[in-house]
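**Q** Okay, predicted coordinates and the sequence, questions at the end:
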Amino acid sequence: MAKVDRSIRLLVFITWGALVVYGIVNHVYWRDEVRPLSIALSSDSFLDLFANLKNEGHPILWYLLLKVFHSLFNTPLVLGFLSLLFAFGFVYLLLFKTKIHWLFAVLIVFGFYGLYEYSINSRNYGISVFLIFWFACMLLQKKEGLLPLICLVILPQTNFYATMFTPVFLTLYILQNPKLRMGQIVAIGLVILSVFFAVLTCLPNEQSLVVKTWTWNELSWVHVWDVGIGFPQLLGLSIPLERELTTLLLLLSLLIFFRRKSIMLLAFALMIIMSFFHQNIRENYLHHQGVFIFGFIALIIGSYEDLKLDFKRSTTVRNLMGLGIISFTFILTVLFYKGYQAYGMDFRFKNSNANELGHYLQLSHVTERVIIAEPDYIMESVMYYYPYPFWVLREQKMARFTHFTKENKDSVSLQDVLKTGDSLVQRGKKVDLVFGWQLPDTVHTYHFSYNKKFYLDSVSLKQFHQDYYLFKSYANWIKHDEYYYWYKSIEKDSIEK
């Protein structure tokens, strides 16, 4: 029977691996994925990288790995490679190093996070899941050495949700290893220092546009116990009382640990952290919520043998734990369906049109070319395919990425674009304009992310249509807002021809 079980797990692993490799080969990268690579490549040193991460909201490890691997292989393919590497790692651990039944493993690995969000979508969340699962597997094996703590030293540097969850996992380690040796105490100190360093890296200042400024007195705990608040879109059923249903399912899921009160409290603490963060600091999006889901699964993995014994104790305990299992399985089933949707959506509707623009720019590369884009951030995705800095109008400089801070002006106009273009032409540059829309003939004001505005006045529009023409457009239906309308100078083009 064990041989059959292992064969099934191997088949699941091979099938999942084939799907995600095929998926990432056909994946179009968008700005949230490419931005870390651009930041890493724009940083000349570790200190420079640390400075560039101010107001990014992410710790340093993912950026550091991208920088190191790109320096070794000199290709943007390292972005997808690293994402797949850690995805293969956490799926391997789940299937072959835990005792989770393969049916539940199927729901997890072919779910939204395993099949798409933490594998094909190349960001810094898969690495945290790998470390969390590795830590849980070592707890399952009752390892008392330093390796589990080394895991926790690294974990806070992956993403901020992992940073917030690290104290919970550290508490679990201490509860299971009450007689600490000096080496373990030192390692625990390093874990705490790692958490503080990650917080220092991620903590925004008053310049941030992404996270609102707050004081300790403004933080609210009033509704934090309604944990469903911290998980918007987790179910995505669009039904009345969905938040209340989410809260109910999450709280019922705690019954899995009915006989393990300390672990139940730690799992509840993870929920409270999510709810508190969403209400007070910044919204938890679906890709953030997965760190909790895998953290909860890790608590099950780490205490699996004890939970099996508890399940056999009495009918009452079995019924209560069964209710918890049913509740969490319902959540996993919903995420399984979301995985099917996300995987299919990635083929039908691309993340971005950046690959088309980027490939054409690469084929027609001119050293003196300067691209002015508006909105400026739509060029961040293009950097994967055409890794040359563009002119950030709102910051008046060449860069591979924009700042979501007050350094990036909130309002610019078409007149600003034309003046900047003329100035660059006088310096011997060949200026192309890329907009997120096809510019009309009439006065208009565009509004987009973080209260940014772009003004079109009649005089500038008249000059623009006299001086520039639409050369190419890349505006196929996509999941995000990365459409590209590429304008060239009429005079420049006629001279070149």
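**A** Here it is on my side, so go on.

**Q** The spatially most central residue of the chain in helix, strand or coil?
**A** Among the residues of the chain, the one closest to the centroid is Arg123, at 4.7 Å (C-alpha atoms, centre = their mean). Under DSSP: H, G, I helix; E, B strand; the rest coil, Arg123 falls in the coil class.

**Q** what about the closest residue to it other than its chain neighbours, helix or strand, and which?
**A** Once flanking residues are discounted, Arg123 sits nearest to Glu33: 5.9 Å by C-beta to C-beta, 6 or more residues apart in numbering. Quick note: C-beta positions are derived from backbone N, CA and C, even for glycine. Using DSSP states H and E, Glu33 sits within helix 31-41.

**Q** follow-up on the earlier one: okay but the residue nearest to Arg123 is in contact with Asn124, surely?
**A** No: using C-beta atoms under 8 Å, Glu33 and Asn124 do not qualify as a contacting pair, with a distance of 9.9 Å.

**Q** any common contacting residues for those two?
**A** Contact criterion C-beta atoms under 8 Å, 6 or more residues apart in numbering; no residue bridges Glu33 and Asn124 by contacting each.

**Q** Could you check the pLDDT of the nearest residue to Leu414 once chain neighbours are set aside?
**A** Closest residue to Leu414 apart from its sequence neighbours, by C-beta to C-beta, 6+ apart: Ser460 at 4.1 Å. pLDDT, Ser460: 97.

**Q** in which helix or strand would I find Ser460?
**A** With DSSP H and E as the test, Ser460 turns up in helix 458-467.

**Q** quick revisit: quickly note the distance from the residue nearest to Arg123 to His480.
**A** 11 Å (C-beta to C-beta, to the nearest Å).

**Q** mind listing the strands for this protein?
**A** 369-374, 390-392, 397-399, 411-413, 430-435, 444-448, 452-456, 468-474, 484-489 (DSSP state E).

**Q** still on that earlier bit, Glu33 and His480 - which one has more neighbours?
**A** With neighbours defined as other C-beta atoms under 10 Å, Glu33 and His480 compare such that Glu33 has more, 23 against 17.

**Q** Now do the same for the residue nearest to Ser43 when sequence neighbours are not counted: its pLDDT.
**A** Spatial nearest neighbour of Ser43, excluding adjacent residues (C-beta to C-beta, 6+ apart): Leu49 at 3.7 Å. With respect to pLDDT, Leu49 has a value of 95.

**Q** so what's Leu49 up against?
**A** If a contact means C-beta under 8 Å, 6+ apart, then Leu49 has 39-40, 43, 60, 63-64, 67 as its contacts.

**Q** One more: Leu323?
**A** Shown in contact with Leu323 (C-beta under 8 Å, 6+ apart): 252, 255.

**Q** What count of nearby residues applies to Leu461?
**A** Neighbour count for Leu461, taken as other C-beta under 10 Å: 18.

**Q** got it, and the one 4 residues further on?
**A** Residues within reach of His465, counting by other C-beta under 10 Å, total 15.

**Q** any idea how far it is from Ala373?
**A** His465 is 19 Å from Ala373, by C-beta to C-beta.

**Q** same check, this time on Lys312
**A** 63 Å.

**Q** Check Leu320 too.
**A** Distance, Leu320 to Ala373, by C-beta to C-beta: 57 Å.

**Q** quick one, which of the two is more surrounded?
**A** Ala373 (23 against 18).

**Q** who's the more buried one bridged to?
**A** Val434 (DSSP bridges).

**Q** Am I right that Pro232 is in contact with Gln279?
**A** No: assessed by C-beta under 8 Å, Pro232 is found out of contact with Gln279, at 11.2 Å.

**Q** residue boundaries of the helices in the stretch 51-200 of the chain?
**A** 61-73, 78-96, 102-109, 126-140, 147-154, 160-176, 182-202 (DSSP state H, counting those that start in this stretch).

**Q** and Leu241, how many residues sit next to it?
**A** Neighbour tally, Leu241, other C-beta under 10 Å: 10.

**Q** Would you map out the domains in the chain?
**A** 2-348, 354-496 (automatic domain parsing).
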